[in-house]
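Enquirer: everything below, folded, please.
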Amino acid sequence: MNILTFDIEEWFHILDNASTRTEADWGRYETRIYQNMDLIFQLLEDTKSRATFFCLGWVADKHPDVIRRIDAAGYEIATHSYAHQLAYEQTPQEFQEDLARSIKHLQDLTGKKVRSYRAPGFSVKAYNRWVFPILIEQGIEIDCSVFSARRAHGGDASLNMFEPGYLNVEGTLLKEFPINTAAVVGQDLIFSGGGYFRLFPYSVIKGLMRRSPYVMTYFHPRDFDAEQPMIPGLSRVRRFKSYYGLKNCLPKLKQLLTEFPFVDLAEADKQVNWERVIQRTVSQ
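Expert: Next up, the predicted model:
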């Protein structure tokens, strides 16, 4: 099972960076989401692919026509928070208010229930698992935030979860579609989205796809924008992670969608036999 998803952010929604941290900071940068969304829509049309879009409430607020276009094309809309902040830097109340705000903006635009969530930067760690009961309280049925490997902005390796399963949250079951990894020379590699996908040659990605029974992808509009300006203040490492491989990302993904079958999250939910999946108990 291969799942195609996009996190709908602007090109300047770079986490953990002083010049792009707040909404006031974002006002200094040009808008590029329309041209980048055009690339995604054309890609999906050319490859006849279905995808789920994890959208920021901020995008719904500032650029509602982007959300309406996604919905009008029949693609599934989920939430990626409102203000794209790291969940582990928020208080439970701040997280709840941000999530509720995002859901309201998205549902008001589409008239459809938002069922699924992904944390910005997969920013759920062992010490902020309090996000899960809040997700359930807000009506979220499917979470896609678990990243059971080391990561700069998140990751909770202790969950040891690499395929769909249940999170048992105080007796309530939350469906989880985590990020997958592939074991290579004793290391757990991520290859299915963002900078990881841009870094590896297509031949490597193709080989890892063939040996992976479950793949959860995550791409951003900025991943396909080779002309985007350089964000000031990034370290040399962050510049490499954020800008390497932009030129070839779109043709690489197009080739992937041509050679492998993909479904959106809603279809994946139908295909999983939920009576036979693993279950992880999470405590706060």
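Enquirer: secondary structure class for F53?
Expert: At F53 the chain is in strand, as set by DSSP: H, G, I helix; E, B strand; the rest coil.
Enquirer: is it in a bridge, and if so with what?
Expert: Following DSSP bridges, F53 is listed with bridge partners F6, I77.
Enquirer: now do the contacts for it.
Expert: 5-6, 8, 70, 75-78 (C-beta atoms under 8 Å, 6 or more residues apart in numbering). Where C-beta positions appear, they are placed from N, C-alpha and C, glycine not excepted.
Enquirer: 6 Å instead?
Expert: 6, 8, 70, 75, 77 (C-beta atoms under 6 Å, 6 or more residues apart in numbering).
Enquirer: the second one: what's it in contact with?
Expert: It refers to I8. Contacts of I8 (C-beta under 6 Å, 6+ apart): 53, 55, 59.
Enquirer: could you dump the residues you listed to a markdown table with pLDDT and distance to M37?
Expert: A markdown table is the format used below for the contacts of I8 (pLDDT from 0 to 100; distance: C-beta to C-beta, whole Å):
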| residue | pLDDT | distance to M37 |
| --- | --- | --- |
| F53 | 98 | 9 |
| C55 | 98 | 11 |
| V59 | 97 | 10 |
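Enquirer: ok, the contacts of F53 vs D188, which is closest?
Expert: Comparing the contacts of F53 against D188 with C-beta to C-beta picks out F6 as the nearest, at 23.6 Å.
Enquirer: what count of nearby residues applies to that closest one?
Expert: 24 (other C-beta atoms under 10 Å).
Enquirer: what do you get for L253?
Expert: L253, neighbours per other C-beta under 10 Å, totals 25.
Enquirer: distance of it relative to W11?
Expert: 17 Å (C-beta to C-beta, to the nearest Å).
Enquirer: related to what we said a few turns ago, between the contacts of F53, which sits nearest E94?
Expert: Set against E94, the nearest of the contacts of F53 by C-beta to C-beta is I8 (21.6 Å).
Enquirer: rewinding a little: can you put the contacts of F53 in CSV and add distance to L167 and pLDDT?
Expert: Below are the contacts of F53 laid out as CSV (distance: C-beta to C-beta, whole Å; pLDDT from 0 to 100):
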residue, distance to L167, pLDDT
F6, 23, 98
I8, 24, 97
I70, 27, 98
Y75, 26, 97
I77, 22, 98
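Enquirer: nearest to P201 among these?
Expert: Proximity of the contacts of F53 to P201, judged by C-beta to C-beta, is greatest for F6, which lies at 22.3 Å.
Enquirer: after the helix or strand Q96 falls within, next one along is what?
Expert: In the assignment (DSSP states H and E), Q96 maps to helix 92-110. Using DSSP H and E, the helix or strand that follows helix 92-110 in sequence is strand 116-117.
Enquirer: any low-confidence regions in this structure?
Expert: Across the chain, the ranges flagged by pLDDT under 70 are 151, 284.
Enquirer: for it, which segments count as helices?
Expert: 23-26, 33-47, 57-62, 64-72, 92-110, 131-137, 194-199, 202-210, 236-243, 246-259, 265-271 (DSSP state H).
Enquirer: what's the last one packed up against?
Expert: Using 3 or more C-beta pairs under 6 Å, 6 or more residues apart in numbering; DSSP states H and E as the contact test, no helix or strand touches helix 265-271.
Enquirer: which residues sit against that helix?
Expert: Contacts of helix 265-271 (C-beta under 6 Å, 6+ apart): 1, 3, 52, 76, 116.
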